[in-house]
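Asks: pasting the sequence and the predicted model now:
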Amino acid sequence: MSAIAGHIQSADWKSEKHVPVIEVKSAAKKGEPFDVTLSVGKEIPHPHTTEHHIRNIQLYFKPDEENFIVHLGTFQFEAHGESVQGANEGSAKCEPKVTATITLEKSGELVALSYCNIHGLWDNAQKVDVS
């Protein structure tokens, strides 16, 4: 096992607020763009405070019958209510949700990692069939 593998946590996103949710709204067709929405806290809201927040979500693709994973993107969430007036007094906060448009040439698995500044890395995966 790799050094990082033992530190990535998994659970069902419907019962654990840190797990990234992967939503594919339409069928994936070979060579055609489609949208993938990533979020954290869909069923159970995750805090968005200066002290406790989601910093980023990463998206990867593991093609069927290939050995290596493809990094599709890292989506940073930078505003967490910080302010010169104090913690959580800021005028803006980021919600940990993003939609990426991707194009696949074959079926495989989308893998998402979310990073909570308090509770570390969490993962989730979803099979995508490309027709």
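Replies: It's in. What you see is a predicted model, and the numbers here were worked out from it, not measured in a lab.
Asks: quick one: list the elements packing against the helix or strand bottoming out on mean pLDDT in the chain.
Replies: Every helix and strand of the chain was ranked by mean pLDDT, DSSP states H and E. The lowest is strand 8-10, at a mean of 83. The contact analysis (3 or more CB pairs under 8 Å, 6 or more residues apart in numbering; DSSP states H and E) places strand 8-10 against strand 120-128. C-beta: built from backbone N, CA, C; applies to glycine.
Asks: what strands line up against the least confident helix or strand of the chain, and which way round?
Replies: According to DSSP bridges, strand 8-10 forms sheet pairs with strand 120-128 (parallel).
Asks: check the offset of the partner strand from the chain's centre.
Replies: Centroid displacement of strand 120-128 relative to its chain, using CA atoms, centre = their mean, to the nearest Å, is 7 Å.
Asks: can you give me the strands in this protein?
Replies: If DSSP state E is used as the criterion, the strands of the chain fall at 8-10, 20-24, 34-40, 54-63, 70-76, 97-102, 108-116, 120-128.
Asks: number of residues surrounding the residue nearest to residue 91 when sequence neighbours are not counted?
Replies: Spatial nearest neighbour of residue 91, excluding adjacent residues (CB to CB, 6 or more residues apart in numbering): residue 83 at 7.3 Å. Look at residue 83: counted by other CB atoms under 10 Å, it has 12 neighbours.
Asks: how close does residue 83 sit to residue 52?
Replies: Plainly put, residue 83 is 16 Å away from residue 52 if you go by CB to CB, to the nearest Å.
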